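S.K.: need a structure here:
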Amino acid sequence: MAVLLWLIVVFGGWFEVTNGGVYKVGDSAGWTTIGNVDYKQWALTKTFQLGDAIVFEYNPQFHNVMQVTHAEYRACNVSSPISTHTSGNDSITIDTRGHHFFLCGVPGHCQAGQKVDINVLPLSTSAPPTPSGIFTPGSPVPESAVPAPSPSGAPHLITKLKLLITISQLALVFLFRW
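M.R.: Numbers count the residues shown, from 1 in each chain. Next comes the predicted model:
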């Protein structure tokens, strides 16, 4: 029993606890072709983290949201999306680091700029070397292939929950030792 509690204390700190933010794509304009929204610039002003919800609000009679690979994003190719969303109020939780590419599959909309690259940066500022030129569906795009958004300056939230868990684990160890 004591060994199990010791393992919980030692390895419990390895789990990352996140508080996800909510980002409405295009802010007040939403997901549209009206008004010349610059989704690339919009994404560059955000610092995305694991657990963040990316919300696409749009009129489903005129738009949709498709998650695609990097190659499909660059070519505005909608022939084999990773996923398709059509509700008009789609919330997508980001659960992996790297680039997540979205576009509107209505003909001409992606070419008109209705596409966005959501980049969840690694924990450290230095990324491990990645072979260039090799892209597979669902894999992160090397940092050298797609420019990373600049940080927004918002401080990274350190969750009190992780500290509480660690203190609770230590308390359990001492409780069961006596």
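S.K.: give me the number of residues near the spatially closest residue to residue 113 that is not a sequence neighbour?
M.R.: By the measure of Cβ to Cβ, 6 or more residues apart in numbering, the closest residue to residue 113 outside its immediate chain neighbours is residue 39, 6.6 Å from it. Where you see a C-beta, it was placed from the backbone N, CA and C, and this is true even at glycine. Residue 39 sits with 20 neighbouring residues when counted by other Cβ atoms under 10 Å.
S.K.: Give me the pLDDT for residue 39.
M.R.: Here the pLDDT value assigned to residue 39 is 97.
S.K.: Over to residue 134?
M.R.: In this model, residue 134 is scored at 41, pLDDT.
S.K.: Okay, now the unreliable bits of the protein?
M.R.: Counting by pLDDT under 70, the chain contains low-confidence residues at 1-19, 123-168, 170-178.
S.K.: ok now do the nearest residue to residue 38 once chain neighbours are set aside, which residues does it touch?
M.R.: Excluding the flanking residues, the one nearest residue 38 by Cβ to Cβ, 6+ apart is residue 113, at 7.1 Å. Residues counted as contacts of residue 113 (Cβ atoms under 8 Å, 6 or more residues apart in numbering) are 33, 36, 37, 38, 39, 40.
S.K.: which residues in this structure form helices?
M.R.: 2-12, 39-44, 70-75, 160-177 (DSSP state H).
S.K.: Break down the chain into its strands, ranges please.
M.R.: With strands called from DSSP state E, the chain shows them at 22-24, 53-57, 65-68, 83-85, 89-93, 98-103, 115-120.
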